[in-house]
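A.B. asks: I'll drop the sequence and a predicted model, then ask my questions.
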Amino acid sequence: MVSGAAEGARAAHEGILRRQSARESAARTYARALPIVPVRARGLTIEGADGRRYLDCLSGAGALALGHNHPVVLEAIRKVLDSGAPLHVLDLATPVKDAFTTELFRTLPPEFAARARVQFCGPAGTDAVEAAFKLVRAATGRTGMLAFTGAYHGMTAGALEASGGATDVRVARLPYPQDYRCPFGIGGDRGAELAARWTESVLDDPKSGVPHPAGMILETVQGEGGVIPAPDAWVRRMREITASRSIPLIVDEVQTGVGRTGAFWAVEHSGITPDVMVLSKAIGGSLPLAVVVYRDDLDVWQPGAHAGTFRGNQLAMAAGTATLAYVRENHLAERAGTLGARMLAQLRGLADEFSCIGDVRGRGLMIGVELVDPEAAPNPAAGGSRPAAPELAAAVQRECLRRGLIVELGGRHAGVVRLLPPLTISDEQASAVLDRLADAVSAVARGHLGRGGGGARGEPDEDGSPGGCSAGTRLRDRGEPLEPADPGRRSGCAEHTG
């Protein structure tokens, strides 16, 4: 029998969701797929108004590098609140801002930091993208931009033009290299080389229809595009191509930054020095903050050329300083690289057992699992890939939620299940996440097989479950872990320093 308290909690939960549906815009997104009402959270764990607990692998779309309510972040916020410092100061200098910029510059690639300037923008990453576009247009006197298929840079007008879903654009679109769905059907180094040659051709052909641009913007790992890491050699080619043609290179680190990919900034994997970096999400330590950092000779703006009322968010700067320092001091980027590689390896083992998993990819703790139609024949012209299966991906997301795991979808057809856990996730929690995801995939594959599909590789077991379900049971959930000791605090151990 359900207790009165439990019934009351469930009624409150349902009432809040009902009012949200009645009052909020049709544009709401996460709330549609994740009908939960968070009331408490710490680290990886969220508790809903109905009393259920979840492991959160969405992490505020990557904004929560240290997870929910990390002690160092809360202490930094309390310190500002208790000090009596002003919370809103536009772009005036403050000790809090000075500490933030000092820590930020300490983390940047040294060659870049030596000549860098920073502009505080409106509190969202999309505003920093807009600022970067305005900056390079002012510096070069040109207007056009180069971007890549599958890109995502934000939802305001200019940023949306450079994103993959744009329809009316002033941006030239270039091929982004990938293995599973290579635009040239071959993948690997050869596919990346052809993508680079295409870029050179577009820029050097006087009849390409693409005037000399003001800048190029790229993500070294496409997040919303389906968790697609760019080859480091290709990133270096883009740097060479842009530098030799005096085209400023903008690297969008809004989601990849602050240790997410196994380096503090994802651009460091390739060793290049960009002209501009766009930063947001994790740099605010869970609070809204965005900046554009750029080479000093691009600083041709007049006063007020880019502004924003809330660009002086003192609480976000304090939380951001604490987060940047904690990630740096506790080697959490290296930890993300080590743990992420291990999680990718285990997920690729899962893909070997389920034909509905077409590809597993990622870098560090930025992981994607692409669901495909297991009944469709591989397309030789598309490198042997199968069609995306957004309905299976949505089903996996629902089954994950039933098991207390929050994941996001992305990719061209919303067919990629995405994992963005906090960098503080422990080994035990990572195992629980993989167990729950494996069980969810197993349940979806079993249901698909029951409809005459073929979601699991191998013949069904005697009980009628697909042979591939062993992956789910082998990684069986050991129970929902509560927040453990922070792995960053044990960074002296080789296991946690990479």
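C.D. replies: Right, received. Where do you want to start?

A.B. asks: now the closest residue to Tyr152 other than its chain neighbours: phi and psi?
C.D. replies: Distances taken as CB to CB, 6 or more residues apart in numbering put Glu224 closest to Tyr152, at 3.6 Å, once the chain neighbours are dropped. Glycine gets a C-beta too; all of them are placed from N, C-alpha and C. Per-residue torsions, Glu224: phi -60, psi -20 (degrees, to the nearest 10).

A.B. asks: okay, now Glu224: neighbour count?
C.D. replies: The local packing of Glu224 (other CB atoms under 10 Å) involves 23 other residues.

A.B. asks: on contacts alone, who are the packing partners of the one helix or strand Arg106 maps to?
C.D. replies: Arg106 is part of helix 95-107, with elements assigned from DSSP states H and E. Helices and strands touching helix 95-107, as assessed by 3 or more CB pairs under 8 Å, 6 or more residues apart in numbering; DSSP states H and E, comprise strand 116-120, helix 314-329.

A.B. asks: so which of those gets nearest Val300?
C.D. replies: strand 116-120 (10.8 Å; CB to CB).

A.B. asks: that closest one pairs with which strands, and in what direction?
C.D. replies: Here strand 116-120 is paired, per DSSP bridges, with strand 291-295 (antiparallel).

A.B. asks: what lies in contact with the partner strand?
C.D. replies: If you take CB atoms under 8 Å, 6 or more residues apart in numbering as the criterion, strand 291-295 is touched by 104, 108, 112, 115-121, 128, 131-132, 135, 248, 275-280, 283.

A.B. asks: now the angle from it to helix 314-329?
C.D. replies: Relative orientation of strand 291-295 and helix 314-329, computed by axes from the mean of the first three to the mean of the last three CA atoms, to 10 degrees: 60 degrees.

A.B. asks: buried stuff in stretch 117-125?
C.D. replies: Val118, Gln119, Phe120, Cys121, Gly122, Pro123, Ala124, Gly125 (16 or more other CB atoms under 10 Å).

A.B. asks: would a markdown table of those with pLDDT be doable?
C.D. replies: Listed next are the buried residues of stretch 117-125 as a markdown table, based on pLDDT from 0 to 100:
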| residue | pLDDT |
| --- | --- |
| Val118 | 97 |
| Gln119 | 96 |
| Phe120 | 95 |
| Cys121 | 92 |
| Gly122 | 90 |
| Pro123 | 89 |
| Ala124 | 92 |
| Gly125 | 89 |
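
A.B. asks: mind putting the residues you listed into CSV with distance to Asp204?
C.D. replies: Shown next, in CSV, are the buried residues of stretch 117-125 (distance: CB to CB, whole Å):
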residue, distance to Asp204
Val118, 34
Gln119, 32
Phe120, 37
Cys121, 34
Gly122, 37
Pro123, 40
Ala124, 36
Gly125, 32
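
A.B. asks: just flag the most distant two among those residues.
C.D. replies: Val118 and Ala124 (16.5 Å).

A.B. asks: Ala305 is nearest to which of the helices and strands packed on helix 95-107?
C.D. replies: Using CB to CB, these put strand 116-120 closest to Ala305, at 9.1 Å.
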